[in-house]
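> quick one, structure for this:
(2 chains)
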Amino acid sequence: MSGIDWTILVITLAGIILYGMYKSRTSKNLEGYFLSDRSLPWYLVLLSIMGTQASAITFLTGPGQAYSDGMRFVQYYFGLPLAMIVICIFFVPVFSKLKVYTAYEFLENRFDVKTRTLTSFLFLVSRGLSTGISIFAPSIVLSSLMGWNIYYTNLVMGGLLIIYTMTGGAKAVAHTQKLQMIIVFVALFIVGYLAVKLLPDAIGFTEALHKSGEMGKMNIITTGFTDKGFDWKDKYNIWSGLIGGFFLALSYFGTDHSQVGRYLTAKNEKESKKGLLINGLVKVPMQFFILLIGILIFSFYQYNRGPVYFDEVSLTQAKQTVKKDSLNMLEAKYATAFTAGDKTEANTIRKTFKGVMERALPDQKPNDTNYIFLWFVKENLPVGLIGLIFAIIFLAAWGSIAAALNSLAACSVVDFHKKFFVKKETELEDYKVSQWYTLGWGVFCIIISMFAYNIGNSLIEAVNILGSLFYGVILGIFLVAFGMKFIKGHAVFYAALVSELLIILIYKMDVISFLWLNVIGAVLVVVLAAILQLFIKQKPVQ
Amino acid sequence: MQNEKTYWNKWYIAVLAFLLVQVIIFFFITRYFK
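Below is the predicted model of the structure:
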């Protein structure tokens, strides 16, 4: 990277930290620190919700996913607008009326302490681990591509944001996310524009889409049906997107405190709802646009020869195994097919190549999807813009990590520290202890990211699945709370425990795509809690 | 109260309608570029 790129990268990151510290002024109590005094307008809530969901991996995976598998990934977000409506009707009014600090506080009002504590604990475990991985995942891509030290990259990715998150709490998080999202979108529009400009003169935007369509990449709507009926292991189709995506979004936005904590900062119920509903309007087009960049990059590489595999570090490792000759032979074949203009053959060879890579490094589960976007940026964009694009990867990571640290600290302080350990503290003591918890979670997540390096790529997938293992059950508890008034604490608590074990068992059996686990987990809790409640009711009569 | 309910119902219908329009457009784009 050139000196100009480094300067832009450093200035952008330093600017965000300074801006976050400038916006750190808030009331020195729990409401000020964790909820920004419940004072934010809808557009800040919206950008905060979007900034929390869109992590660095969103911007790395999105274009790479479109390049490898086509546009069908956008269907994954079809259930989100539906979930926004359900959350506005059922969740927001209750959270707003009870003036809760965490989503799980409501569960004590509705059920009992043990259900609240179990749910908050499940959240802390899954969110704590996944935040560690959301530091590591973009760091490994950047360090592999640029030859940076992984430990220093982890420190910058997960460490610097702690400065403003610790000092300014939810207010600093929301204001920095606003600026981050603006920078991210401006930069992505420039990349989209340049990707079209870099195509050969005779090839315009529509021709590029036609070319991608011929290769099966414009598969935006797919049904999941094959000659043998519906494929339950097919990850992305309109049904898994609408139904599975709905349950995933409902559990994420309705019960994950890293999101609930964002719309609790709104100045009233109306502003929370507006932020969520506009998120429901803009999310699908936003993802469509991110994927479209991947399609344009794919078109670009139909006219300019790119590498057959974009992760050079894994490729070097694979070439030290017995698969070395196969890989070299496929590379030569790919070059010949490309030079001969046979793009279909070249793309088939790439697929075969990926299969050989997986067999060469079975423990690492190598996947170059996350490397495609930054490879294109590094090799083809002008000086200055490269630094900006690398900066947006950090900014996107910071936005979601900052919100996660804020929510982890909120649940630790409100659901555990003040509930079980120190009940009487002054407002200032509450405020200070909250800052220490934020720092503590920041350090914990960095440690997880450092350990993740030793385990490799497979952990990224494992932690994505980890979310699905817990989300459905947590959602089930909330669905019972909102919709089944006759069910009480004991029934839902034991139903949640049994459902969690069953979900892990179903996952181990490997019979269904992980997206469906959210649906199954939620339905299991609802059904089991209803059955258990009948049994518990009958007990005193006997 | 009724006014507020009507106000939010309009929002919900708008979000649903926009999703439906997008799915229809995506369907035609998929067919057009096949």
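> find the nearest non-adjacent residue to the closest residue to chain A within chain B, please.
Closest contact between chain B and chain A, by C-beta to the nearest C-beta, is at residue B:33 (3.1 Å). In short, each C-beta sits where N, CA and C put it, glycine included. Spatial nearest neighbour of residue B:33, excluding adjacent residues (C-beta to C-beta, 6 or more residues apart in numbering or on different chains): residue A:213 at 3.1 Å.
> how about the helix or strand harbouring that neighbour: buried residues?
Using DSSP states H and E, residue A:213 sits within helix A:205-214. Neighbour-count burial for helix A:205-214 flags A:208-213 (criterion: 16 or more other C-beta atoms under 10 Å in any protein chain shown).
> let me see the contact set for the residue in chain A that chain B sits nearest to.
Relative to chain B, the nearest point of chain A is residue A:213 (3.1 Å; C-beta to the nearest C-beta). Residue A:213 is in contact with B:32-34, counting by C-beta atoms under 8 Å, 6 or more residues apart in numbering or on different chains.
> got a PyMOL select line for the buried ones in the residues you listed?
To isolate the buried ones among those in PyMOL, judged by 16+ other C-beta under 10 Å, type:
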select buried, chain B and resi 33
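> tell me the least confident of the contacts of residue A:213?
Scanning the contacts of residue A:213 for pLDDT, the smallest score is found at residue B:34, 78.
> so what's that residue up against?
A:213, A:218.
> still on that earlier bit, per-residue pLDDT, the residue nearest to residue B:33?
On the pLDDT scale, residue A:213 gets 90.
> just to revisit the earlier point, ok, of the contacts of residue A:213, which one's closest to residue A:352?
residue B:34 (24.1 Å; C-beta to C-beta).
> burial count for residue A:129?
Residues lying near residue A:129 (other C-beta atoms under 10 Å in any protein chain shown) number 19.
> now do whatever helix or strand it lives in, average pLDDT.
Element membership for residue A:129 (DSSP H and E) is helix A:113-146. Model confidence over helix A:113-146, given as mean pLDDT, is 89.
> go through it and flag the buried ones.
Neighbour-count burial for helix A:113-146 [16+ other C-beta under 10 Å]: A:115-120, A:122-124, A:126-145.
> try stretch A:494-512
Those would be A:494-496, A:499-500, A:502-503, A:506-507, for stretch A:494-512 by 16+ other C-beta under 10 Å.
> checking residue A:320 next. Helix, strand or coil?
Under DSSP: H, G, I helix; E, B strand; the rest coil, residue A:320 falls in the coil class.
> check contacts around the residue of chain B closest to chain A.
Residue B:33 neighbours (C-beta under 8 Å, 6+ apart): A:209-210, A:212-213, A:218.
> same question for residue A:80.
A:245-246, A:249, A:253, A:279-280, A:283-284.
> and those as JSON lines, adding neighbour count and distance to residue B:2?
Output for these, formatted as JSON lines (neighbours: other C-beta atoms under 10 Å in any protein chain shown; distance: C-beta to C-beta, whole Å):
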{"residue": "A:245", "neighbour count": "24", "distance to residue B:2": "33"}
{"residue": "A:246", "neighbour count": "19", "distance to residue B:2": "29"}
{"residue": "A:249", "neighbour count": "27", "distance to residue B:2": "29"}
{"residue": "A:253", "neighbour count": "25", "distance to residue B:2": "27"}
{"residue": "A:279", "neighbour count": "27", "distance to residue B:2": "27"}
{"residue": "A:280", "neighbour count": "26", "distance to residue B:2": "24"}
{"residue": "A:283", "neighbour count": "21", "distance to residue B:2": "30"}
{"residue": "A:284", "neighbour count": "22", "distance to residue B:2": "31"}
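> closest one of those residues to residue A:54?
Of these, the one sitting nearest to residue A:54 (C-beta to C-beta) turns out to be residue A:283, at 9.5 Å.
> I figured residue A:71 hits residue A:289, correct?
No: using C-beta atoms under 8 Å, residue A:71 is not in contact with residue A:289, being 11.0 Å away.
> the more surrounded of the two?
When neighbours are counted by other C-beta under 10 Å, residue A:71 and residue A:289 differ, and residue A:71 comes out ahead with 28 against 15.
> residues of the lengthiest helix in chain A that come out buried?
Criterion DSSP state H: the longest helix present in chain A is helix A:161-197. Buried residues in helix A:161-197, counted by 16+ other C-beta under 10 Å: A:161-181, A:183-184, A:187-188, A:191-192, A:194-195.
> ok, now stretch A:276-292?
Buried residues in stretch A:276-292, counted by 16+ other C-beta under 10 Å: A:276-281, A:283-284, A:286-288, A:290-292.
> turn the residues you listed into a markdown table, columns for secondary structure, distance to residue A:64 and pLDDT.
Conversion of the buried residues of stretch A:276-292 to a markdown table gives the following (DSSP: H, G, I helix; E, B strand; the rest coil; distance: C-beta to C-beta, whole Å; pLDDT from 0 to 100):
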| residue | secondary structure | distance to residue A:64 | pLDDT |
| --- | --- | --- | --- |
| A:276 | helix | 29 | 97 |
| A:277 | helix | 30 | 97 |
| A:278 | helix | 28 | 96 |
| A:279 | helix | 24 | 96 |
| A:280 | helix | 26 | 96 |
| A:281 | helix | 26 | 96 |
| A:283 | helix | 19 | 94 |
| A:284 | helix | 19 | 95 |
| A:286 | helix | 17 | 93 |
| A:287 | helix | 14 | 92 |
| A:288 | helix | 16 | 94 |
| A:290 | helix | 10 | 92 |
| A:291 | helix | 10 | 93 |
| A:292 | helix | 13 | 94 |
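> now render the residues you listed as a markdown table, adding distance to residue A:337.
As requested, the buried residues of stretch A:276-292 are exported to a markdown table (distance: C-beta to C-beta, whole Å):
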| residue | distance to residue A:337 |
| --- | --- |
| A:276 | 48 |
| A:277 | 49 |
| A:278 | 46 |
| A:279 | 44 |
| A:280 | 44 |
| A:281 | 43 |
| A:283 | 38 |
| A:284 | 36 |
| A:286 | 35 |
| A:287 | 32 |
| A:288 | 31 |
| A:290 | 29 |
| A:291 | 26 |
| A:292 | 26 |
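> among the residues you listed, which ones lie close to chain B?
For chain B, the contacts drawn from these by C-beta under 8 Å from any C-beta of the partner chain are A:277, A:280-281, A:284, A:288.
> nearest to residue A:297, out of these: which one, please.
residue A:288 (15.1 Å).
> surely the closest one touches residue A:72?
No: applying C-beta under 8 Å, one finds residue A:288 not in contact with residue A:72, separated by 11.3 Å.
> can you work out which residues contact both of those two?
Residues touching both residue A:288 and residue A:72 (C-beta under 8 Å, 6+ apart): residue A:220.
> so which residues on chain B come close to chain A?
Within reach of chain A by C-beta under 8 Å from any C-beta, chain B has these residues: B:8, B:11-12, B:14-16, B:18-19, B:22-23, B:26-27, B:29-30, B:32-34.
> quick check: PyMOL command selecting the buried ones in the residues you listed.
This is the PyMOL syntax for the buried subset of the residues of chain B next to chain A, where burial follows 16+ other C-beta under 10 Å:
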select buried, chain B and resi 8+11+12+15+18+19+22+23+26+29+30+33
